[in-house]
Each structure stands twice: as C-alpha cells, then as structure tokens.
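J.: I would like to see how this sequence folds:
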Amino acid sequence: MRDSLIRKANLMIIDKTYAEKLNRAKVDMGLSENPLGCSPMVLKALRNISTKDLSVYPNQTLFKQSVAKKFRVILPNIVLGGGSEQLIKLICQTLLNKGDRVVIQRGSFALFTKESLLAGSKVIFNDPREMQKDLKVKLIFLCNPNNPTGEVITQDLIKIIVDKNKEAIIVIDEAIGEFIDESFVIKAVKSDNCIVLKTLSKTFGLAGLRVGFCIGSRNIIRKLEFAQQPFPVSNLSLIGASAALSDKNFIKRTKDFIAKERKFLIKEITLLNLKVSDSVTNNLFISCPGIIIERLTNSGVTVFPSSEFPGMKTSGFRITIKDRKTNKLFIKKLQKAAACLAK
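T.: Numbering: from 1, shown residues only. Below is the predicted model:
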C-alpha cells in the first residue's frame, strides 16, 4: 500500500525536482527567488559566526523570540522547520490518517497534494468560494496569496472557511504573504483549528538556508512540535534568518522593486493579447495554449506549466519576476513563441 501511494505521489512534478532539471535554462523565470538576493544584514551576521556556532547543536529560542515579537504571538504558538516544504510534510504525517479527506485549493502548491497522498488521504480540489460550508474533511489547504497566480483570498473569506469547518484543521500557506498587508496569524492563534505557514525562502531571499515556521494555537502546535525533529534548522540558518527578519528596509526595497517589474511585465504581456493573473506578488500566471509553453521551453526559457499545480483548470504557465535584463529577455522569447497565435 505504501509503495502504491509513493508511486501515485511521484507522478507529480514539484519545484524541487523541476529545479534539478531546468534551473540551467538561459532565461530562468521558474523558481520563486528574490532577484535582489538577501539582506546585507544576513551576510554580515554569517561573516561573524564563531567556531561555537558550528560545533554546538542549534538553539531555536532566539529565532522563535524574534518571530514571536514580529507577529505578536508567544513561543508555544511557533514550530520551526526546514522551509515550509518540510512543515507541510510534518503537518500531513502528524495530522492525517489513512482514508482521511483533504480539500486543497484548486491550482495551488503541488506539495499540498503530494504529502496528502503519501499520508494515504483522499484529495479533493475546490476553489476557496466553494469552501464556505462544512466540508466534513480533516484538513483544508489554502494558499494566500496563491501560488501560481499571486491572487489574494480576502481575510473575510478565510474567516468564513475557518468558522464553517470547526472539525477540520485549516492550513494557510502565506509563503509570499509579505506582499500583502494582512495576515491570518493572530486569528489563527485565537482559533482551535487553524495554522499559518511562513517561509524565509521567497521575499527574504534565503531559499538556500531552508528556514520556515508555522504559527497556530497551542494545541495544534504542541502536536507538531512533538512529531518534529529535535533540530530541524541549523545554527547558521537560524543566525541568517534572525538577521533577515529584523531588516524591514530590505523587504520594502524588494516589494518596490517587484511592483515596478510586475507593472512592466504585465504591460508587455498584455500587448501580446495574453491574459495575466491579477497578481500582487512576485509570481504571474499567464493563460495560453500549450504550444507557447513548448516553444518557450525549446528556446531556453524556464517556466512552470499549469500541470505543475494540481487541479488547475486553466492552461498556461507561471513565471517569477526577475531583474529587468532577464524580464526583457523573457518578453523577447515570449513574443516569438506567441507569434504562432497570429497565424
């Protein structure tokens, strides 16, 4: 049975394996990485590490205190992990049993589906507006803002979903939540059935350090903490993450940079009569026939096709916004690829 679940889950291509295959493309619009790199405060902190930082086991308390202060919660509301990917696995392994039903936001992060399947659960795809009732399931995965579209679910709608599904645990992935002014963290802590995922891989630019955390009510976090590895994040990663979390100016600079590049890309893509998602983040979803994706791939452009996002009904692909030079190269490639539509 376990082997069949693994085979079923392995049919899904996810960021990690996709990166290994395609990250060397000439024009890389694939992985969600910060084109500005990371905060200079991170580099400074890592240059000042000591022998002790390498030789002793990690102490999570200082970083947890930084998270608690930033999000106005307490330490028992927080569990750390090796990026949000590892925390998604932890959530599914800890909270799901064979045969449980899981509702996943249609066309969102593939690992929600993969880890649910590996836990032996039955997966159902729904749009958020279809979740405003008791779905009678064990877990509900939401992505806000969504990956791949960069579109936002309103806080009011999330609250309705949480309130209507008292017997389920709602997992809200806010991996790119820095691009919006609202978070469900405070409401999650006060609820009995909601947890919020955060990562430092995207906006903070620390994809290589693998740091994520989960915030929720004490009862849920206690279960996850019990099942978690004793040292899921290294000392070096914790030092870098603490520095990144304290640099508000870098996040503002990133948001301003992405907003400018997003405006440029949307304008150029729209001129090609292609539909672009109403994104507020560093991701854009472009609706188009598969032949354009094929042409882009053959011309040396890395994109994520809609098939990478389980349940997605729309044909197209996701790009992550890069620097102006790369974005211009992408537009040139897209112009050539889209020329086939005019014939």
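J.: who touches the most centrally placed residue in the chain in this structure?
T.: Nearest to the geometric centre of the chain sits residue 175, at 4.0 Å (C-alpha atoms, centre = their mean). Shown in contact with residue 175 (C-beta atoms under 8 Å, 6 or more residues apart in numbering): 32, 84, 109, 143, 147, 197, 198, 199, 201, 202. C-beta: built from backbone N, CA, C; applies to glycine.
J.: In strands, which of these fall?
T.: 143, 197, 198, 199 (DSSP state E).
J.: residues near the second one, how many?
T.: When neighbours are defined as other C-beta atoms under 10 Å, residue 197 has 26 of them.
J.: Let me know the pLDDT of residue 341.
T.: Looking at residue 341, its pLDDT is 76.
J.: And the strands in the stretch 1-150 of the chain, which stretches?
T.: Assigned by DSSP state E, counting those that start in this stretch, the stretch 1-150 of the chain shows strands spanning 27-28, 78-81, 101-105, 122-126, 139-143.
J.: can you list the ones you listed in CSV and add distance to residue 185 and mean neighbour count?
T.: As requested, the strands of the stretch 1-150 of the chain are arranged in CSV below (distance: least, C-beta to C-beta, whole Å; neighbours: other C-beta atoms under 10 Å):
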stretch, distance to residue 185, mean neighbour count
strand 27-28, 32, 22
strand 78-81, 10, 24
strand 101-105, 19, 24
strand 122-126, 23, 16
strand 139-143, 14, 25
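J.: Flag every buried residue along the helix ranked longest in the chain.
T.: In the chain, taking DSSP state H as the definition, the longest helix is helix 248-270. Neighbour-count burial for helix 248-270, counted by 16 or more other C-beta atoms under 10 Å, picks out 250, 251, 254, 255, 257, 258, 261, 262, 265, 266, 268, 269.
J.: now for that helix, which elements pack on it?
T.: Packing partners of helix 248-270 (3 or more C-beta pairs under 8 Å, 6 or more residues apart in numbering; DSSP states H and E): strand 275-276, strand 283-287, helix 324-338.
J.: Out of those, which is the most enclosed?
T.: Mean neighbour count, computed with mean count of other C-beta atoms under 10 Å, is highest for strand 283-287 among the helices and strands packed on helix 248-270, reaching a mean of 23.
J.: so how far is that one from its chain's centroid?
T.: 15 Å (C-alpha atoms, centre = their mean, to the nearest Å).
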